[in-house]
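Pasting a predicted model and its sequence here:
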Amino acid sequence: MRELSLNVMDVVQNSVSANASLITITVKESDKDDFLDIYIEDNGKGMSEEQVQNVIDPFFTTRTTRKVGLGVPLFKMAAQQTGGSFDIKSQLGVGTTLSAHFIKSSVDMTPLGDINSTVKILIQCNPTLDFVFSHSTDLGEFVLDTRELRQILGEDVPLDTLDVLEWIDGFLKEQSNIIYGGAKI
């Protein structure tokens, strides 16, 4: 994939398929320390050790619409090509945690891409699920937690309402502008 944010979307779709009700996406990056880390954690049905091994095999998928599952293997390859690492931990009935560590200065580093739009689309397409998105750089950190939004808005206002999505979009752009020092939106 051409952007890591697209890998995130694909992996989170696995969490949705695993009946997760809470999905946490954490992006930590540092130019000073030359890394980009992405963590995706869910409280879905989890996987056995055998299923975890199958997930990293590009020729295995549980989907019936296609014969291969490339999302996780491509994410793993993207991390390892930079000299970074990749790990999946899962427990049946508890959930799954995926972590990818990238070396930012590597010539093989895939751009993060528009992670804010990815998060917004995930919320829009899954308005009954809860997401916690945190993003940190050398200049700061921000968190968007849909559980907090639900408390403020009340249960009668769905997260996929146009006004709510516009607020989410504006919040993510404003906060990203801060943590990138105004250099990137």
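Right, received. Where do you want to start?

how close does the residue nearest to Asn43 when sequence neighbours are not counted get to Val27?
Spatial nearest neighbour of Asn43, excluding adjacent residues (C-beta to C-beta, 6 or more residues apart in numbering): Gly95 at 4.3 Å. For glycine as for every other residue, the C-beta is placed from the backbone atoms N, C-alpha and C. To Val27, Gly95 is 19 Å away according to C-beta to C-beta, to the nearest Å.

Send me the helix or strand of the chain with the lowest mean pLDDT as PDB with only the CA atoms.
Counting by mean pLDDT, DSSP states H and E, the weakest-scoring helix or strand in the chain turns out to be helix 49-55, with a mean of 85. Taking Å, rounded to 0.1, in the frame of the first residue of the first chain, the C-alpha atoms of helix 49-55 are listed here in PDB:
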ATOM      1  CA  GLU A  49      -1.800 -19.000  18.200                       C
ATOM      2  CA  GLU A  50      -2.400 -20.900  14.900                       C
ATOM      3  CA  GLN A  51      -4.700 -18.100  13.700                       C
ATOM      4  CA  VAL A  52      -2.100 -15.500  14.500                       C
ATOM      5  CA  GLN A  53       0.500 -17.400  12.400                       C
ATOM      6  CA  ASN A  54      -2.100 -17.600   9.600                       C
ATOM      7  CA  VAL A  55      -2.800 -13.900   9.700                       C
END
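
packing partners for the helix or strand that it is followed by?
Next along the chain after helix 49-55, taking DSSP states H and E as the criterion, comes helix 71-81. Under the contact criterion of 3 or more C-beta pairs under 8 Å, 6 or more residues apart in numbering; DSSP states H and E, helix 71-81 touches helix 4-17, strand 85-91, strand 95-102.

One more pass at 10 Å, please.
helix 4-17, strand 35-42, helix 49-55, strand 85-91, strand 95-102 (3 or more C-beta pairs under 10 Å, 6 or more residues apart in numbering; DSSP states H and E).

Look at Val27 and give its secondary structure.
Using DSSP: H, G, I helix; E, B strand; the rest coil, the structure places Val27 in strand.
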